[in-house]
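> model the structure of this input:
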Amino acid sequence: MADSVFTRKLEYIQDYVLLSTSFLNYLFQNNEITLNIDNANNDNIIGKLIDLYNKYPLLSKVNNLNLVTENNTILDSNTFSGYHFLNKVKSNVTKLKSGTFRNSSIKEVDFPNLTHIGSDKTSANTTSYVFANTPIENVNFPACIYIDGSYNFSDCRSLVSFSANNVTRIRSNYLFKNCVLLSSVSLINLTSLYASNMFYGCTSLEEVSFPILTYISATNMFYGCTNLKRIFLKSATLCNLANSTGFLTNCPNFEAIYVTDDLVNSYKTHNVWKTFARYIQPISSYR
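As a prediction, the model looks like this:
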């Protein structure tokens with residue numbers, strides 16, 4: 001819908017009609033607010049939204065935002081943190097910094113150009129909380145390469161699926177902590193993982209597969225995954241595990257770690273993996 005038509009519709013509604021929330025949602029069900037800005041800093045975005053809402057209060061019922069940034073495509077720290085007027089945001093941004101959506105009402109995002117989630121710091125302990133404690137449900141970041149900083153999706157209790165199939169490195173502790181509905185994770189190009197407590201308390205998770213993962217440094221990686229049954233390590237070379245502490249603690253239904261057939265003995269005699277030798281099985285034996 002062209003801006004001028006959209007504006008006239010808003011002015012007409014506000015001047016002449018008192019609408020119920022349900023009818024307003026019906027009227028704008030496929031519409032969204034579009035913001036074109038030079039730089040993706042939080043004051044710029046929130047300021048423009050507040051100006052729009054002040055001019056057209058009924059816009060507060062339109063919960064989708066299309067954010068188009070012209071120059072700086074990095075969405076700044078805490079941009080939408082604590083805000084409860086948006087359910088969906090789509091944008092051409094390439095990076096999300098710490099706390100971008102933390103404690104907000106966001107349920108859906110569409111970021112096709114996003115390459116980096118989290119802090120600029122090199123430590124997995126650096127706090128980021130990008131989507132922490134939000135009702136986000138399904139995540140797909142097709143262009144994302146790196147995930148950094150801790151607690152990025154922690155306490156997202158409605159999160160069901162996560163896909164980031166171009167991610168090569170994760171450096172993020174407590175990444176999915178207490179995502180109790182998370183049942184599908186796709187990270188097919190992940191090669192290195194520094195993520196203690198990555199799936200802590202993910203009680204709906206039954207299996208995970210890492211096609212080319214070659215390094216894991218993650219204490220308590222699956223701590224409290226009470227329904228976890230299977231881990232698949234499909235790399236043609238052995239995936240080095242740096243530490244076994246808490247790796248499968250409180251996983252009462254766990255059955256097997258399936259590895260490339262030729263590497264079964266290498267895993268069973270590895271100085272760390274041997275702790276879990278009783279679980280290690282050749283992939284060919286699965287079903």
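> which stretches in the stretch 101-250 of the chain count as strands?
If you assign secondary structure with DSSP state E, counting those that start in this stretch, the strands in the stretch 101-250 of the chain sit at 108-110, 116-117, 138-140, 146-148, 161-163, 169-171, 184-186, 192-194, 207-210, 215-217, 230-233, 240-241.
> winner for burial among the ones you listed?
Mean neighbour count (mean count of other CB atoms under 10 Å) peaks for strand 116-117 among the strands of the stretch 101-250 of the chain, with a mean of 24. For glycine as for every other residue, the C-beta is placed from the backbone atoms N, C-alpha and C.
> so which elements touch it?
For strand 116-117, the elements it packs on are strand 95-96, strand 146-148, judged by 3 or more CB pairs under 8 Å, 6 or more residues apart in numbering; DSSP states H and E.
> quick one: closest of the ones you listed to residue 184.
The closest approach between residue 184 and any of these, judged by CB to CB, belongs to strand 146-148 at 16.8 Å.
> what packs against the closest one?
Under the contact rule (3+ CB pairs under 8 Å, 6+ apart), strand 146-148 is packed against strand 116-117, strand 169-171.
> turn those into CSV, including mean pLDDT.
Converted to CSV, the helices and strands packed on strand 146-148 look like this (pLDDT from 0 to 100):
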stretch, mean pLDDT
strand 116-117, 93
strand 169-171, 94
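> CSV for these, including distance to residue 76?
As requested, those are arranged in CSV below (distance: least, CB to CB, whole Å):
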stretch, distance to residue 76
strand 116-117, 13
strand 169-171, 21
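> for residue 104, which of the ones you listed is the nearest?
Residue 104 lies closest, by CB to CB, to one member of those: strand 116-117, at 15.5 Å.
> what's the spacing between that closest one and its chain's center?
Taking CA atoms, centre = their mean, to the nearest Å, one finds strand 116-117 lying 10 Å from the centre of the chain it belongs to.
> what residues does that strand touch?
Contacts with strand 116-117, where a contact means CB atoms under 8 Å, 6 or more residues apart in numbering, come from 94-96, 128, 130, 141, 144-149, 152.
> most neighbours among these, please name it.
Neighbour counts for the contacts of strand 116-117 were taken using other CB atoms under 10 Å; the highest belongs to residue 128, with 31 neighbours.
> show me what the longest strand anywhere in the chain is packed up against.
The strand that spans the most residues within the chain, counting by DSSP state E, is strand 64-72. Of the remaining helices and strands, those touching strand 64-72 by 3+ CB pairs under 8 Å, 6+ apart are strand 33-39, strand 88-91.
> can you tell me the SS state at residue 284?
Each residue gets one of three states, and residue 284 gets helix by DSSP: H, G, I helix; E, B strand; the rest coil.
> tell me what angle the longest strand of the chain forms with strand 33-39.
For strand 64-72 against strand 33-39, the angle between stretch directions is 20 degrees (axes from the mean of the first three to the mean of the last three CA atoms, to 10 degrees).
> what is the rounded mean pLDDT of strand 64-72?
Looking at strand 64-72 alone, the average pLDDT works out to 75.
> dump it to CSV, restricted to CA.
These are the backbone C-alpha positions of strand 64-72, laid out as CSV (Å, rounded to 0.1, in the frame of the first residue of the first chain):
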residue,chain,number,x,y,z
ASN,A,64,4.7,-5.4,12.0
LEU,A,65,7.7,-3.3,11.2
ASN,A,66,9.7,-3.2,7.9
LEU,A,67,12.9,-1.5,8.7
VAL,A,68,15.0,-0.4,5.8
THR,A,69,18.5,1.0,6.6
GLU,A,70,20.5,2.9,4.0
ASN,A,71,24.0,3.1,5.4
ASN,A,72,24.7,1.6,8.8
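> distance to residue 256 added to the strands of the stretch 101-250 of the chain, as TSV?
Written out in TSV, the entries for those read as follows (distance: least, CB to CB, whole Å):
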stretch	distance to residue 256
strand 108-110	35
strand 116-117	31
strand 138-140	27
strand 146-148	27
strand 161-163	23
strand 169-171	23
strand 184-186	18
strand 192-194	20
strand 207-210	10
strand 215-217	17
strand 230-233	6
strand 240-241	16
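> closest one to residue 67 among those?
That would be, of the strands of the stretch 101-250 of the chain and by CB to CB, strand 108-110, which comes in at 10.3 Å.
> direction included, what does the closest one pair against?
Strand pairing for strand 108-110, using DSSP bridges, gives strand 88-91 (parallel).
> okay if I get the helices and strands packed on strand 116-117 as a markdown table plus distance to residue 268?
Formatted as a markdown table, the helices and strands packed on strand 116-117 follow (distance: least, CB to CB, whole Å):
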| stretch | distance to residue 268 |
| --- | --- |
| strand 95-96 | 41 |
| strand 146-148 | 31 |
